[in-house]
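In: The following block contains a protein sequence and its predicted model.
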4 protein chains.
Amino acid sequence: MIIVMQHGVETDLIEEVKSRLVQEGFDIHESRGIARTIIGAIGDPTRVPLLALEAMPGVEKVVPILKPYKLVSREFKEEPTVVNVGNAAIGGDEIHVIAGPCAVESRQQILETAQVVKESGATLLRGGAYKPRTSPYSFQGLGLRGLEYLAEAREMTGLAVVTEVMDTESLPQVREYADILQVGARNMQNFNLLKKIGEQDRPVLLKRGHSSTIEEWLLAAEYIMSMGNYKVILCERGIRTFEEYTRNTLDLSAVPAVKSLSHLPVIVDPSHGTGRRELVAPMSRAAVAAGADGLLVEVHPYPDAALSDGPQSLKPQSLSDLIHELDSMAPIMNRSLGTLVG
Amino acid sequence: MIIVMQHGVETDLIEEVKSRLVQEGFDIHESRGIARTIIGAIGDPTRVPLLALEAMPGVEKVVPILKPYKLVSREFKEEPTVVNVGNAAIGGDEIHVIAGPCAVESRQQILETAQVVKESGATLLRGGAYKPRTSPYSFQGLGLRGLEYLAEAREMTGLAVVTEVMDTESLPQVREYADILQVGARNMQNFNLLKKIGEQDRPVLLKRGHSSTIEEWLLAAEYIMSMGNYKVILCERGIRTFEEYTRNTLDLSAVPAVKSLSHLPVIVDPSHGTGRRELVAPMSRAAVAAGADGLLVEVHPYPDAALSDGPQSLKPQSLSDLIHELDSMAPIMNRSLGTLVG
Amino acid sequence: MIIVMQHGVETDLIEEVKSRLVQEGFDIHESRGIARTIIGAIGDPTRVPLLALEAMPGVEKVVPILKPYKLVSREFKEEPTVVNVGNAAIGGDEIHVIAGPCAVESRQQILETAQVVKESGATLLRGGAYKPRTSPYSFQGLGLRGLEYLAEAREMTGLAVVTEVMDTESLPQVREYADILQVGARNMQNFNLLKKIGEQDRPVLLKRGHSSTIEEWLLAAEYIMSMGNYKVILCERGIRTFEEYTRNTLDLSAVPAVKSLSHLPVIVDPSHGTGRRELVAPMSRAAVAAGADGLLVEVHPYPDAALSDGPQSLKPQSLSDLIHELDSMAPIMNRSLGTLVG
Amino acid sequence: MIIVMQHGVETDLIEEVKSRLVQEGFDIHESRGIARTIIGAIGDPTRVPLLALEAMPGVEKVVPILKPYKLVSREFKEEPTVVNVGNAAIGGDEIHVIAGPCAVESRQQILETAQVVKESGATLLRGGAYKPRTSPYSFQGLGLRGLEYLAEAREMTGLAVVTEVMDTESLPQVREYADILQVGARNMQNFNLLKKIGEQDRPVLLKRGHSSTIEEWLLAAEYIMSMGNYKVILCERGIRTFEEYTRNTLDLSAVPAVKSLSHLPVIVDPSHGTGRRELVAPMSRAAVAAGADGLLVEVHPYPDAALSDGPQSLKPQSLSDLIHELDSMAPIMNRSLGTLVG
């Protein structure tokens, strides 16, 4: 990192900064200019936060050079990480579509949807049993019963199940039923939850917080990996901006950006990312063209009766049309669409 | 609410919407224009989410008229809520300053700071035992030991203690030591935590999420109140914007806005709100001038050695200077500065 | 539109609102509920601003139903607008790539780049003679000389020229040399400039303001069209958000959104949209997959010597590689890549 | 500035960067670490943009240390700038309130309002003759006639007049009538307009762009000052964020921030900053408490009949109440409220 000292600062303050750096095992390089004295420090970037240099007297600013994360970075691991779930290999040559309703609403609804998802060509099933809702008066999910229905749907179709875990208390229970543990946008910085999930031997789908920078997102993944769980799949789902036409602003540039910064797979959720059914197909195509490893799409047999996110849920026919389109696009990206026959 | 139907929609779709509304006990008023048919519906706003009208075929948009929250609203309760903590009455005529370090770092540090806080004229002590940190490699707090030191500081000074609770697991433990349970910005939409806190008989300090709208913030308070805990204090701490000079953009207009929408007390955190020591005093004065019921300020005996948030922590002398200024300002707001002698 | 009256408002205030609406030729529909009285009003949406109803006593809020723009809307014109420039038809079946340097720096630089652009397969040449720069100390462009060099490049290559016009004073001059008049993001709401350009018989490339909503963007186009110039091409170039990794956040969902709201062609500028060379190709593919009618890409023979935007400029080889990729992608969108042979 | 070279970059690339710096007259200091080579460069910061180092091969990033502006900075001029307009000295010990309607609507309206403004104790009159409006169908202002009415109001009351200039063409005309030339938020980066205004011998009120950083705002002021006009008054008027309750988010922390970075006076516009009449008084008090040198407030004799911004315009009585409040607050800031008797 680089430490820029204030103009005309006393020498002893400079020495204090240097000695704290040396104590912490950093190699330092000082250069005194007319306007400023600059200290370059080389060492373990993950120990920088402990230095708390910004608060030292005489320090104008501290400029990190190396990234604050380690395990998630490309420097740490060159080759892309492939996360295997059932027959699906996420992050490899295949592009996988995870589809399902926002929330599990009834046994019949999820079984019917699972059938739709399988026939459409999608390879994993999504559905929420525990739902984070802005209003305490909204449908909060079926809980355990929802998990059981999801398991039944998996039995019936062979589709692996992705479902959200909202807190450390329900983690053991959700873990029992889920093939992939989803961490929602609102929980991206629920650090205790991240740590606990980091102790599980289960793939994780980590959604980007709706106002989190790419760096904060990667640091959230670092929390999980630092506890030993390396099976992390990142999911871009739109960020909050001033634009009101779309529910969020889908930041597709985050896909190639994360691909260059990290070895982890990245998928995209165009349903939450746009909040509008008619934008899901174009943004799904765009996500694949930007290099996404997969998609997380909401589908509902009767969107107009959905208890949540109806306006952004595809109808069954639209889902299979979309997957058909993606199938013809994949080769251009030198990829193919995922299939269940492993 | 108002339901706007799409242009040239079939009559039976209009009827379906109307019948769903009637089923749910809403009074409806239809008006057919040349361009659009509009349905006005009067009923319990808290049941609107269950209708999921946006997804019904033929519906162009749904426009809420009444607020989606109830218990937090001025309509529900005219007179301002006053939350009593020890000798402090927050939300009344007195303005209270809650001060302390970002994190409890050692027994000596918190005892020394508590002394400083008391002498400065502040009436409550803040300090984090459990710290949410963006990087897994940052200081994470002393945990239980930190809580014990806080209790000791309370013994010594008589100052009530405000400290953050990060999850439902540690809630019983934190509850044992804290006079006010703080919910951090990152946990504002940790709904299970909000519900559990709603079951406690303890005042709560609910920080606004750094990208939460005022409405989402009030709905988070509604989660707590809907479980029975009415002792909620709201805290504006800055929102995330494009501006990089300040750590966050302190949204002081939220203070009078919340005051008109809700009966709950509102305080301001100028330390996180700006991230810069030199801006804390002016923004503290501004907060009081905007009608805030109190302040949450970071102070540290040796900011340059602080393990977190040093750059935004006041030095002891600055804190007492600030409180002195506020003391002379309060009368203009027809208020007085809080004191410990209840 | 819908006018929601305040709770318990006097009848005469309701009557005043109604009479102002009737005076302005609106059909009105009143519905009185227990909680609120609602007035539905049908009429020319473009006259709504003149009513200034929000400020009338007793009015709680005014909810527009119809869009505030007319000429740009799909309702006004079903079939897509195709803007013809030289041999290029923008908005038709062909996807066109407009490429060139950020700024014209010298005769040799623009002639050399024009050659590169032509050989790569792009069909229009971009280059700034007048440059809006954040700092008064940055290179401000060659002005008239730059325009002359662009004309020479056109002579040499047959490529039509797109260049920015910054103010009404230089408009006649720029008009003389440009085939397409570019309005930059910073000038999207320079209304006098928009009106003057609306009087020209020249195609316009209207960039989205970096913090403008889609609606404001379409209203800016409405300014131009309301003066008689219907040859407007919209250009998404990224919006300002909290994310710092990319220069802007490219809002690709704006492409299908605008396509559904308006009949005007939409192209994308991935260079300014990302600010990073390595993200230009993936976001260009994504733009085409999202339905864009074309791209505006920065290329420079020696990016490392560019006087502006070097970091986001492609090298010649990368441009032809990109165009090759797009060529194989276009058929999936049932389109083809534009060529010069009309 | 500091130039961080990429990991393992060839020596000759480092040399190229160094030689370009030396050519431009910078003193350089190189330090080679294991991970990175860092070059510190000391020289005229205003010439940095010309170097375009970011684009040089081998350069990872360039970190500015000194500010990119000069004339506006505190380093350049220690003592605060005081701008004299008629009897008002803005930026001195007195706090001045500039009040008036958003737009001049008629002779009677502006004369009546001017009387109100004078009686309330405000010391300058605001009013728009040329109005930038989002929709081409909104009231666009009275133009020249509006300027004549403003002059008449000045005659009658002795109040100096602040009015907006929208383009270089109308500048000579507006200059003839205005005591202070206002540059609106949308024109903050209309660089040609800034340059032309920089050539005038007239005070300027430069509004912050609704999505401009403090640095961009100060660079806009630098444009004006670099042409010779040093009489610049900055005006914070709210920035665009995700929050929808207020029209903009008033960034009061920008007031003390700008005060520390620059010697120019700063005033605040709580009317546009909030868009809500009931928030104008609290945010006006807060602005003064934050250190603002004045206020720009909208007042209208009949807000409910206003052709623009009615909802945020104060009624005459509210204005004088507000000024009365500010009068009692000023002494706490060691200031007094401005009066006309110079």
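Out: Ah, there it is. Residues are numbered from 1 along each chain as shown, chains lettered A, B, ... in the order given.
In: three-state assignment of A:Lys131?
Out: Three-state assignment for A:Lys131 (DSSP: H, G, I helix; E, B strand; the rest coil): coil.
In: That one is in contact with A:Gly141, isn't it?
Out: Yes - using CB atoms under 8 Å, A:Lys131 makes contact with A:Gly141 at a distance of 3.8 Å. Bear in mind the C-beta positions are built from the backbone N, C-alpha and C, glycine included.
In: Please identify the helix or strand for A:Gly92.
Out: Using DSSP states H and E, A:Gly92 sits within no helix or strand.
In: Give me the phi and psi angles of the spatially closest residue to it that is not a sequence neighbour.
Out: Leaving aside its chain neighbours, A:Gly92 sits nearest to A:Val82 (4.6 Å; criterion: CB to CB, 6 or more residues apart in numbering or on different chains). For A:Val82, the backbone dihedrals are phi -110, psi 120 (criterion: degrees, to the nearest 10).
In: just A:Gly40 next, same as before
Out: Backbone torsions for A:Gly40, taken as degrees, to the nearest 10, come to phi -90, psi 140.
In: What is the neighbour count of the residue nearest to it when sequence neighbours are not counted?
Out: Distances taken as CB to CB, 6+ apart place A:His29 nearest to A:Gly40, at 4.1 Å, with adjacent residues excluded. For A:His29, the neighbour count with other CB atoms under 10 Å in any protein chain shown is 18.
In: Would it be right to say that A:His29 lies in a strand?
Out: Yes - counting by three-state DSSP, A:His29 is part of a strand.
In: The stretch 101-250 of chain A against chain D: which residues are in contact?
Out: By the rule CB under 8 Å from any CB of the partner chain, the part of the stretch 101-250 of chain A lying against chain D is A:211, A:240-242, A:244.
In: any common contacting residues for A:Lys131 and A:Gly141?
Out: Taking CB atoms under 8 Å, 6 or more residues apart in numbering or on different chains as the criterion, A:Lys131 and A:Gly141 both touch A:Ala103.
In: May I see the buried residues of stretch A:44-52?
Out: A:45-46, A:48-49, A:51-52 (16 or more other CB atoms under 10 Å in any protein chain shown).
In: for stretch A:91-100, same thing?
Out: Applying 16+ other CB under 10 Å to stretch A:91-100 flags A:91-92, A:94-100 as buried.
In: Pick out the most distant pair among these.
Out: A:Gly92 and A:Gly100 (22.0 Å; CB to CB).
In: The one helix or strand in chain A whose mean pLDDT sits lowest vs chain D: in contact?
Out: Lowest mean confidence among the helices and strands of chain A (mean pLDDT, DSSP states H and E): helix A:48-51, at a mean of 74. No - Helix A:48-51 stays clear of chain D (CB under 8 Å from any CB), getting no nearer than 12.9 Å.
In: Tell me the helix or strand right after that helix.
Out: strand A:59-63.
In: who touches that next one?
Out: For strand A:59-63, the surrounding residues in contact (CB under 8 Å, 6+ apart) are A:1-7, A:17, A:36, A:53-54, D:2, D:63, D:65.
In: What mean pLDDT does the helix or strand just after that strand get?
Out: Where DSSP H and E defines the elements, the next helix or strand beyond strand A:59-63 is strand A:83-85. Across strand A:83-85, the average pLDDT comes to 96.
In: So what are the sheet partners of strand A:83-85 and their directions?
Out: strand A:88-90 (antiparallel) (DSSP bridges).
In: Chain A: helices as residue ranges?
Out: For chain A, helices defined by DSSP state H occupy the ranges A:11-23, A:48-51, A:107-120, A:144-157, A:171-177, A:191-198, A:214-226, A:254-261, A:270-274, A:277-290, A:316-329.
In: and the second one, anywhere near chain B?
Out: Yes - judged by CB under 8 Å from any CB, helix A:48-51 and chain B are in contact via A:49-50.
In: Can you show me the CA trace of that helix as CSV?
Out: Provided in CSV are the C-alpha atoms of helix A:48-51 (Å, rounded to 0.1, in the frame of the first residue of the first chain):
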residue,chain,number,x,y,z
VAL,A,48,-3.7,-3.9,6.4
PRO,A,49,-7.0,-3.4,8.3
LEU,A,50,-5.2,-4.2,11.5
LEU,A,51,-2.8,-1.3,11.0
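In: Show me the contact partners of that helix.
Out: Residues outside helix A:48-51 that contact it (CB under 8 Å, 6+ apart) are A:1, A:20-21, A:24, A:64, A:68, B:133, B:135, B:137-139, B:307.
In: mind running it again at 10 Å?
Out: For helix A:48-51, the surrounding residues in contact (CB atoms under 10 Å, 6 or more residues apart in numbering or on different chains) are A:1, A:3, A:17, A:20-21, A:23-24, A:26, A:41, A:43-44, A:62, A:64, A:66, A:68, B:133-139, B:307-308.
In: and if you look at stretch A:78-87?
Out: Contacts for stretch A:78-87 (CB under 10 Å, 6+ apart): A:72, A:74, A:89-94, A:96, A:98, A:123-124, A:154, A:158-162, A:179-180, A:202-205, A:225, A:230-233, A:259, A:262-265, A:293, A:338-342.
In: among those residues, which are in strands?
Out: The members of these that map onto strands under DSSP state E are A:89-90, A:94, A:96, A:98, A:124, A:160-162, A:180, A:204-205, A:232-233.
In: residues touching A:Gln109, list them.
Out: Counting by CB under 10 Å, 6+ apart, A:Gln109 touches A:101, A:103, A:127, A:149, A:153, A:300-302, A:305-307.
In: And the closest residue to A:Asn334 other than its chain neighbours, what's its pLDDT?
Out: Excluding its sequence neighbours, the residue lying closest to A:Asn334 (CB to CB, 6+ apart) is A:Asp93, at 7.8 Å. According to the prediction, A:Asp93 has pLDDT 95.
In: Quick one: residues contacting A:Asp93.
Out: A:Asp93 neighbours (CB under 10 Å, 6+ apart): A:82, A:293, A:330, A:333-336, A:338.
In: How much space separates it from A:Thr339?
Out: Counting by CB to CB, to the nearest Å, the gap between A:Asp93 and A:Thr339 amounts to 12 Å.
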